[in-house]
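# The sequence isn't on hand, but the structure is:
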């Protein structure tokens, strides 16, 4: 089913790409539903719940937690069905985890892939409380040929012409990761509906699409899952037709909280001349950050920022930098991070057809007066 | 200071209006910061905190609640300065209040006023806890010539070329309204930063711009306040130059939760043929809702919906309607409310230069299959 079949004008030329910098009503509607973390939110080590980014493919389901059941079946010896109360009687852990939408930065690409049109800020860091997944898989008894574990949500819709429940799989080793949680609380409170109430998956290090919300089923599979979200939507490729590579762990990235005060409409920043304290956060999928650098001249030169060590292995690390903004004028600030594997943020973004994994250095324009 | 002075391309032709249906990057950036309540949120009598709409003119201030002080001065006999602890020792009340941004629906207008580009959903209903304002005004002792009470927030920025703290006044009688609160909690928790932590004004019945967040000062004035947000920004007028009429109480309005399942990109709705349960909410500034009507044929005919009585005088009222969607095809659903003063939602929106108070009947396209 195409957009034209639905009785609406087609968006773009059907390629899923749009060379024009101005955006369509359909993209704006998504931007109003799915919100970024305003970048001043980088000042909080733990993101207040309502500031954390959200991306909901279909509708937020209305779920009665007392009637909710989670099934664990497929290629297992002892299928399980668990109520919320049963899940909450199991051992609980709390992990501080940074989540980022794989499509953050998409609307900065040219041509622009048509989907949720993020600029910056599809991120957040929360304290997630739940029970580890691995002991549940062990109790169910995985069959000897299991390769993938599939997670199915209660959200249903149409995407790319395919009607579907939202489903994503993890490779077996990732589903068995010690820090994979079935989480029922965020920042010490029951999950809010938009974050997956009553229970969602948390798999630290992965982009957001893997942390399936409104979980209703976990299914052990003897073949790799070939559903839409794994095989079509979340891919690195040069065209929509090309299969490309699966999107998985978050790439190394940093962001800065824009300094000074903003103009309401343009968000241009104004600071007073003199020393300006810059700060932000940096993260990478499964590696600590080892270096953050700042440029105050549009990327011509870089200087090291101060960096906090990784106290929480799955959460962003704060950095700070004092900018001596001595001379009035317009400046472009950038920041870039390096992780312990040596991966470093690019300054120019490599283009992909679906706009995934955009980790280029952020640019912030500031007028010093 | 214009957008061009800030070193950015000008938005539109400078009139603040844009006839093109496609939107600018500057508007998209606002849409990503300021989020609507996804309309499936109409199913909750009280909006979960993170789903409630937010509109922040400048940046969300970072406020230390232990250092925060509220001053009450101006034309008073005994100026006051209160810490958060002192405020919270006073009598507390909790009110269920519906808030709506005065600019909701702006991006549906043609030509489109350039500002936050809302479609639908800049709404929310929360339980706000705080202390009544009037006894504080009485303790300070208002002078005999006071006509306005000014509320000043900690947020600062540039808007319409004017650098300013966010400030809005209320006429004296409204500041003395029994249900005007200085609120420190929302839905039973301390205010989150984006909702005005540590303390905001709640003045039930008014559009959102009056409920000043991050309050730092209350000032009694002997003259009407002529600052930007009262005298320029929030006005009903036919041009940006015309003074027009002040925006004040929320106009009568209703919304429906789109039924069925959505297409990811277009948000077109798909429902199965047969009876479809429609539901939504309706509200008006200071009047109960007496009637909600639904049209399933694009506004050609209307039928009455079931309506809950107003248990909470400042909160929306739920309504429901069973649609017999017997025949496959594409339908356009509308709803409209009438309040106890006889005010009824229009089907076509009267245009204003700043896109304020848009309360036309919502339209939702649905394919029955």
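Looks like it came in fine. In this text the structure is predicted, and so the values were computed from the model without any measurement.
# Buried ones in stretch A:263-279, by neighbour count?
For stretch A:263-279, burial by neighbour count (16 or more other C-beta atoms under 10 Å in any protein chain shown) applies to A:263-271, A:276, A:278-279. (Each C-beta comes from the backbone N, C-alpha and C, glycine too.)
# any residue of that stretch up close to chain B?
Yes: counting by C-beta under 8 Å from any C-beta of the partner chain, chain B has neighbours in stretch A:263-279: A:263-268, A:270.
# quick one on the thing from earlier: among the buried residues of stretch A:263-279, which are located in strands?
When the buried residues of stretch A:263-279 are checked against strands (DSSP state E), the matches are A:269-271, A:276, A:278-279.
# Now do the helices for the stretch 151-300 of chain A: every range, in order, please.
A:172-175, A:228 (DSSP state H, counting those that start in this stretch).
# Any idea which of those helices gets closest to chain B?
helix A:228 (10.2 Å; C-beta to the nearest C-beta).
# near chain B at all, that closest one?
No: legend: contact between helix A:228 and chain B by C-beta under 8 Å from any C-beta is lacking; minimum distance shown is 10.2 Å.
# Let me see the domain layout of chain A.
A:17-246, A:253-368 (automatic domain parsing).
# now the first one: how far from the chain's centre is it?
The offset between the C-alpha centroid of domain A:17-246 and the centroid of the whole chain comes to 9 Å, using C-alpha atoms, centre = their mean, to the nearest Å.
# Compute the first-to-last residue distance for it.
Distance between the two ends of domain A:17-246: 20 Å, counting by C-alpha to C-alpha, to the nearest Å.
# quick one: average pLDDT of that domain?
Domain A:17-246 shows a mean pLDDT of 97.
# ok so, going back, with mean neighbour count added, can I get the helices of the stretch 151-300 of chain A in TSV?
Conversion of the helices of the stretch 151-300 of chain A to TSV gives the following (neighbours: other C-beta atoms under 10 Å in any protein chain shown):
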stretch	mean neighbour count
helix A:172-175	16
helix A:228	17
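# could you dump those helices to TSV with distance to residue A:297?
TSV is the format used below for those (distance: least, C-beta to C-beta, whole Å):
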stretch	distance to residue A:297
helix A:172-175	41
helix A:228	44
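# Run through the residues that contact the residue lying farthest from the centre of chain A.
Centroid-distance maximum for chain A: residue A:327 at 37.6 Å, with C-alpha atoms, centre = their mean. Residue A:327 is in contact with A:273, A:368, counting by C-beta atoms under 8 Å, 6 or more residues apart in numbering or on different chains.
# Can you give me the pLDDT of it?
Residue A:327 is assigned 97 on the pLDDT scale.
# Phi, psi for it please.
Per-residue torsions, residue A:327: phi -120, psi 130 (degrees, to the nearest 10).
# what do you get for residue A:179?
Dihedral angles (degrees, to the nearest 10) for residue A:179: phi -100, psi 10.
# Mind telling me the two of the ones in strands among the buried residues of stretch A:263-279 farthest from one another?
Using C-beta to C-beta, those reach their maximum pairwise distance at A:270 and A:279, which is 17.8 Å.
# which of the buried residues of stretch A:263-279 lies closest to residue B:95?
Nearest to residue B:95 among those, with distances taken as C-beta to C-beta, is residue A:264, at 29.5 Å.
# That closest one touches residue B:161, doesn't it?
No: contact criterion C-beta atoms under 8 Å: residue A:264 and residue B:161 do not qualify, at 10.3 Å.
# does residue A:254 really touch residue A:292, like I thought?
Yes: Residue A:254 lies in contact with residue A:292 (C-beta under 8 Å); the separation is 5.4 Å.
# measure the residue farthest from the centre of chain A to residue B:86 for me?
To residue B:86, residue A:327 is 45 Å away according to C-beta to C-beta, to the nearest Å.
# residues in contact with residue A:242?
A:235, A:353.
# Then residue A:90?
A:131, A:135-136.
# interface residues of the stretch 151-300 of chain A facing chain B?
Counting by C-beta under 8 Å from any C-beta, the stretch 151-300 of chain A comes close to chain B at A:156-160, A:163, A:189, A:192-195, A:258, A:261-268, A:270.
# Need the ones in strands among the buried residues of stretch A:263-279 in TSV (columns: pLDDT and distance to residue A:241).
Below are those laid out as TSV (pLDDT from 0 to 100; distance: C-beta to C-beta, whole Å):
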residue	pLDDT	distance to residue A:241
A:269	97	41
A:270	97	46
A:271	98	47
A:276	98	47
A:278	98	43
A:279	98	43
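# and residue A:304, how many neighbours does it have?
11 (other C-beta atoms under 10 Å in any protein chain shown).
# Does it touch residue A:295 like I think?
No: counting by C-beta under 8 Å, residue A:304 does not reach residue A:295; the two are 11.2 Å apart.
# Spatially nearest residue to the residue in the stretch 51-200 of chain A positioned nearest to chain B (excluding sequence neighbours)?
Closest to chain B within the stretch 51-200 of chain A is residue A:159: 4.0 Å, counting by C-beta to the nearest C-beta. Leaving aside its chain neighbours, residue A:159 sits nearest to residue B:264 (4.0 Å; criterion: C-beta to C-beta, 6 or more residues apart in numbering or on different chains).
# pLDDT wise, what is that neighbour at?
Residue B:264 is given a pLDDT of 95.
# and residue A:24, what does it touch?
A:11-12, A:18, A:114, B:22.
# now, which of these sits nearest residue B:344?
residue B:22 (32.7 Å).
# Return the residues in contact with the nearest residue to the closest one once chain neighbours are set aside.
Spatial nearest neighbour of residue B:22, chain neighbours left out: residue A:22 (4.1 Å); criterion: C-beta to C-beta, 6+ apart. The contact partners of residue A:22, taken as C-beta under 8 Å, 6+ apart, are B:20, B:22-25.
# Show me which of the residues you listed is closest to residue A:362.
Of the contacts of residue A:22, the one sitting nearest to residue A:362 (C-beta to C-beta) turns out to be residue B:25, at 15.2 Å.
# Can you pull the phi/psi pair for that closest one?
Torsion angles, degrees, to the nearest 10, at residue B:25: phi -60, psi -40.
# just residue A:86 next, same as before
phi -60, psi -40.
# Also the one 10 residues further on?
Backbone dihedrals for residue A:96, given as degrees, to the nearest 10, come out at phi -90, psi 120.
# Might you report the residue contacts of it?
By C-beta under 8 Å, 6+ apart, the neighbours of residue A:96 are A:46, A:125-128, A:312, A:314-315.
# what do you get for residue A:271?
Here residue A:271 is in contact with A:259-261, A:325, A:366-369 (C-beta under 8 Å, 6+ apart).
# Leaving out chain neighbours, which residue sits closest to it?
residue A:260 (3.5 Å).
# didn't the one you found look like it was pressed against residue A:273?
No: using C-beta under 8 Å, residue A:260 is not in contact with residue A:273; the gap is 11.0 Å.
# Can you tell me the SS state at residue A:124?
strand (DSSP: H, G, I helix; E, B strand; the rest coil).
# Not counting its neighbours along the chain, what's nearest it?
Per C-beta to C-beta, 6+ apart, closest to residue A:124 is residue A:52, 3.2 Å.
# Over to residue A:245?
residue A:236 (4.5 Å).
# likewise residue A:58?
Once flanking residues are discounted, residue A:58 sits nearest to residue A:157: 3.1 Å by C-beta to C-beta, 6+ apart.
# got the contact list for the one you found?
A:57-59, A:163-164, A:166, B:261-264 are the contacts of residue A:157 under C-beta under 8 Å, 6+ apart.
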